[in-house]
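Peer 1: Sequence below, structure please.
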Amino acid sequence: MSFSERLDSYLKELGVSAKELSLESGVSQVVISRYRTGQRVPSLDNRGVLEELAYGIESLSHKNDREPINASDVLEAFDSDLSLLNVPFNYENFNFLIRELSLNASEMSRVMNYDPSYISRIRTGKRRPPDPEEFVNTLCKFIYPSLGKNVSVTAFKDLLSVPASEKFDSYDSFCTLLKGYILNNDNISEDKNVSVFLKYVDEFDLNDYIRSIHFDEIKLPNVPFSIPKTKAYFGPDGHKQAELDLLKMVISSKSNDPVFLFSDFELADLINDVEFSKKFMTALAMILKKGVKIQYVLNLDSTPKEILFALEALLPLYMTGQVELYYLPERHNDIFKHLIRVSGGVAMIGAGISGDPKGYCFRTTTSKNFVNGIRQTANSILANASPLMEMYTDYNQPEFVEFLKLNTYQKRPRYNKLASLPMCTIPEKTLKNVLKRNNVPEDIISKEVEYLRALKTMMEVWLRDLEVVDEVPLITKEEFEECPIFMQLPGGPLPFDIPYTYEEYVEQLEISREYAKKNKNYKLVENPNSPFRNINIIIYKGEFIWISKMRAPAVQLIIRNAELREAFEKMYFSVEE
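Peer 2: Coordinates of the predicted model:
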């Protein structure tokens, strides 16, 4: 029995209210109510509160002419219940389990008999199961029947680092593995959150995503979606409904004004609701189909982990080029929450106190004066916001080349984690041959040679004063045939891939080794276990992170935000140092 259930059972047995126990024990009625609902749990070290409750219960049992309850027995029962808190519970592993196995959180809540919002709070560490072992036992009963059906056995083994050859002989062996994964204190490091985000970028294919959501088949409604001129919504469920109602109105309206989105409400409850997330992302895709730009201001009071989680959800839309991501550099209070949405003739606002989702309130409106006022507020927010990332594709390659000219002479330590081989070491002749073999037009080849010469000149400047580290994949011929390496062109992305042959790869790798021997400030790290084959991570320490997605459709992401940049730097520079 949990502490909250134990306390509740005493009150029911005595037939008294939290207020009566408060008056008798001296413990606040609000605190007792939160203990009863499990929102708060006292510490075993907090003997004063536990003793006050125990003696209050004993006193009430005498007053109500019921069978006397001894305070020492109450304390012993409380101690037994609270000892469950010594069982570790790794909420980050629990959250990763749901994400990586694509578990339906709503169905999980129903089967496990938990409120969906409570599951969301457990996933973010804001709540803890009162009995962790019983919680995981129930979780096992939910997942095990779906193994090999709705839940991938391979994905489960990968997540728990179980050898592919190992079989689950029984339900008990499965539960033992799952308990070992969740009932431990080994929290997922910030490094792993960065790695998960990078793995997603490495594997992401915009064309596959467009096909998966049937983007080309999306049909926009001809009839406007209407709601009352002003409508109010309350609580977490009201929040979700208000979001969807607003987007429906935007999709069906004739306006092509940008959609402005800002909120510093917790993202967890929304993102962790799989069904809502699907509807929300589909609605955003329909807005892009309409040709409308989305201006999204993210809340960076969150941890880097939460920001990366949000970016992972938004990245597919961001890579279409129609989504602008911003953040507010200045921190604001984390008590009062705000939400603003506006586009065309419709607006939505929201407010609430952190930690009290039932008190959240939202309003959608089509009132012209109100919408105009919200639009002015949105414009003020944008004027004070900074771009979270810069993105370059083959459509704006000249701007990318300009970016290189302005930034690559920065005298900062650099760590380059490459999925290919360094361009600074390739001979012009080899570059030309590879491009010709891949049927690249002569005018593009000429430009790439110019870019290569400029890059080599820049490297000479860098290496006079700074150390540059290039980490490159070291792979066998068999590995290369299974997953070839593609060239990262010095002039930036092209709309088609440029693969090496294995012989070209080996030749340039040897040239790179010789280059490292001749330049004392250049270090070549050969990694036989490189996790990425499609992205380069270039870190200009203290300035920005450059994530270069090589395969078509290629894209360059530049991250300047300090929190995200430091998360990447911590991961790679700590390894080097």
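Peer 1: use CA for all of it now, contacts and neighbours both
Peer 2: Noted.
Peer 1: Now the phi/psi pair for residue 41, please.
Peer 2: Main-chain torsions, residue 41, degrees, to the nearest 10: phi -140, psi 130.
Peer 1: what's the distance between the closest residue to residue 72 other than its chain neighbours and residue 42?
Peer 2: The shortest distance from residue 72 to any non-neighbouring residue, by Cα to Cα, 6 or more residues apart in numbering, is to residue 54 (7.4 Å). Counting by Cα to Cα, to the nearest Å, the separation of residue 54 from residue 42 is 13 Å.
Peer 1: where does the stretch 1-150 of the chain have low pLDDT?
Peer 2: For the stretch 1-150 of the chain, residues meeting the criterion pLDDT under 70 lie at 1, 39, 43-47, 64-65, 83-87, 126, 130.
Peer 1: Show me the strands in it, by range?
Peer 2: Counting by DSSP state E, counting those that start in this stretch, no segments of the stretch 1-150 of the chain form strands.
Peer 1: Helices of that one, residue ranges please.
Peer 2: Per DSSP state H, counting those that start in this stretch, the stretch 1-150 of the chain carries helices over the ranges 3-14, 18-25, 29-37, 47-63, 71-82, 91-100, 105-112, 116-123, 132-143.
Peer 1: got the ones you listed as CSV, with mean neighbour count columns?
Peer 2: As requested, those are exported to CSV (neighbours: other Cα atoms under 10 Å):
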stretch, mean neighbour count
helix 3-14, 18
helix 18-25, 18
helix 29-37, 17
helix 47-63, 19
helix 71-82, 17
helix 91-100, 18
helix 105-112, 16
helix 116-123, 20
helix 132-143, 17
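Peer 1: hang on, residue 124 packs against residue 91?
Peer 2: Yes - under the criterion of Cα atoms under 8 Å, residue 124 makes contact with residue 91 at 6.7 Å.
Peer 1: what's the burial count for residue 346?
Peer 2: 26 (other Cα atoms under 10 Å).
Peer 1: Could you number the chain from 127 rather than 1 from now on?
Peer 2: New numbering, starting at 127: the last item is residue 472.
Peer 1: what are the phi and psi values for it?
Peer 2: phi -130, psi 150.
Peer 1: Then residue 653?
Peer 2: According to degrees, to the nearest 10, the main-chain angles of residue 653 amount to phi -110, psi 110.
Peer 1: burial count for it?
Peer 2: The number of residues packed near residue 653 is 14, by other Cα under 10 Å.
Peer 1: same deal with residue 444?
Peer 2: Using other Cα under 10 Å as the criterion, residue 444 is surrounded by 18 other residues.
Peer 1: give me the beta-bridge partners of the nearest residue to it once chain neighbours are set aside?
Peer 2: Take residue 444 and drop its neighbours on the chain: the residue closest to it by Cα to Cα, 6+ apart is residue 450, 7.0 Å away. Bridge pairing for residue 450 (DSSP bridges) gives the partners residue 421.
Peer 1: List the buried residues of the longest helix anywhere in the chain.
Peer 2: The longest helix of the chain (DSSP state H) is helix 568-591. Buried residues in helix 568-591, counted by 16 or more other Cα atoms under 10 Å: 571, 574, 575, 577, 578, 581, 582, 584, 585, 588.
Peer 1: Nearest to residue 208 among these?
Peer 2: Relative to residue 208, the closest of the buried residues of helix 568-591 is residue 588; by Cα to Cα it sits at 59.5 Å.
Peer 1: Distance of that closest one relative to residue 175?
Peer 2: Taking Cα to Cα, one finds residue 588 at 63 Å from residue 175.
Peer 1: How is this structure divided into domains?
Peer 2: Domain assignment of the chain by automatic domain parsing yields the ranges 129-212, 217-314, 332-513, 518-702.
Peer 1: circling back to that earlier point, just give me the neighbour total for the residue nearest to residue 444.
Peer 2: Residue 450 has 19 neighbouring residues, counting by other Cα under 10 Å.
Peer 1: looking at it, it is touching residue 414, isn't it?
Peer 2: No - if you go by Cα under 8 Å, residue 450 and residue 414 don't touch, sitting 12.0 Å apart.
Peer 1: which residues are common contacts for those two?
Peer 2: Common contact partners of residue 450 and residue 414 (Cα atoms under 8 Å, 6 or more residues apart in numbering): residue 420.
Peer 1: hang on, the earlier thing: please produce a markdown table containing the helices of the stretch 127-276 of the chain, extended by distance to residue 286.
Peer 2: Output for the helices of the stretch 127-276 of the chain, formatted as a markdown table (distance: least, Cα to Cα, whole Å):
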| stretch | distance to residue 286 |
| --- | --- |
| helix 129-140 | 31 |
| helix 144-151 | 44 |
| helix 155-163 | 33 |
| helix 173-189 | 39 |
| helix 197-208 | 29 |
| helix 217-226 | 9 |
| helix 231-238 | 20 |
| helix 242-249 | 18 |
| helix 258-269 | 14 |
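Peer 1: Would you mind saying which of the ones you listed lies nearest residue 601?
Peer 2: helix 217-226 (27.4 Å).
Peer 1: how far does the closest one sit from the chain's center?
Peer 2: Averaging C-alpha positions (Cα atoms, centre = their mean, to the nearest Å) puts helix 217-226 12 Å from its chain's average.
Peer 1: Give the other helices and strands that that helix contacts.
Peer 2: In terms of contacts (3 or more Cα pairs under 8 Å, 6 or more residues apart in numbering; DSSP states H and E), helix 217-226 is packed against helix 242-249, helix 279-285, helix 297-308.
Peer 1: Looking at the ones you listed, spot the one closest to residue 673.
Peer 2: helix 279-285 (25.0 Å).
Peer 1: circling back to that earlier point, quick one, which of the helices of the stretch 127-276 of the chain is nearest to residue 479?
Peer 2: helix 242-249 (15.7 Å).
Peer 1: what angle do that closest one and helix 231-238 make?
Peer 2: Orientation of helix 242-249 against helix 231-238 (axes from the mean of the first three to the mean of the last three Cα atoms, to 10 degrees) gives an angle of 100 degrees.
Peer 1: Helix 242-249 vs helix 217-226, what angle?
Peer 2: Interaxial angle of helix 242-249 relative to helix 217-226 (the same axes, to 10 degrees): 120 degrees.
Peer 1: what's helix 242-249 in contact with?
Peer 2: Here helix 242-249 makes contact (Cα under 8 Å, 6+ apart) with 217-218, 220-221, 231-232, 235-236, 253-255, 362, 394-395, 398.
Peer 1: Name the secondary structure element that contains residue 516.
Peer 2: If you go by DSSP states H and E, residue 516 is part of strand 515-518.
Peer 1: Of all the residues in that strand, which ones are buried?
Peer 2: By 16+ other Cα under 10 Å, the buried positions in strand 515-518 come out as 515, 517, 518.
Peer 1: which neighbours does that strand have in its sheet, and in what orientation?
Peer 2: In the sheet, strand 515-518 lines up against strand 681-685 (antiparallel) (DSSP bridges).
Peer 1: ok now the partner strand, how far from the chain's centre?
Peer 2: 17 Å.
Peer 1: do stretch 414-428 as well
Peer 2: Distance, centroid of stretch 414-428 to centroid of chain: 16 Å (Cα atoms, centre = their mean).
Peer 1: Just say which of the helices and strands packed on helix 217-226 is most tucked in.
Peer 2: Most buried of these, by mean neighbour count (mean count of other Cα atoms under 10 Å): helix 242-249, with a mean of 20.
Peer 1: How far off centre is it?
Peer 2: Distance of helix 242-249 from the chain centroid (Cα atoms, centre = their mean) equals 16 Å.
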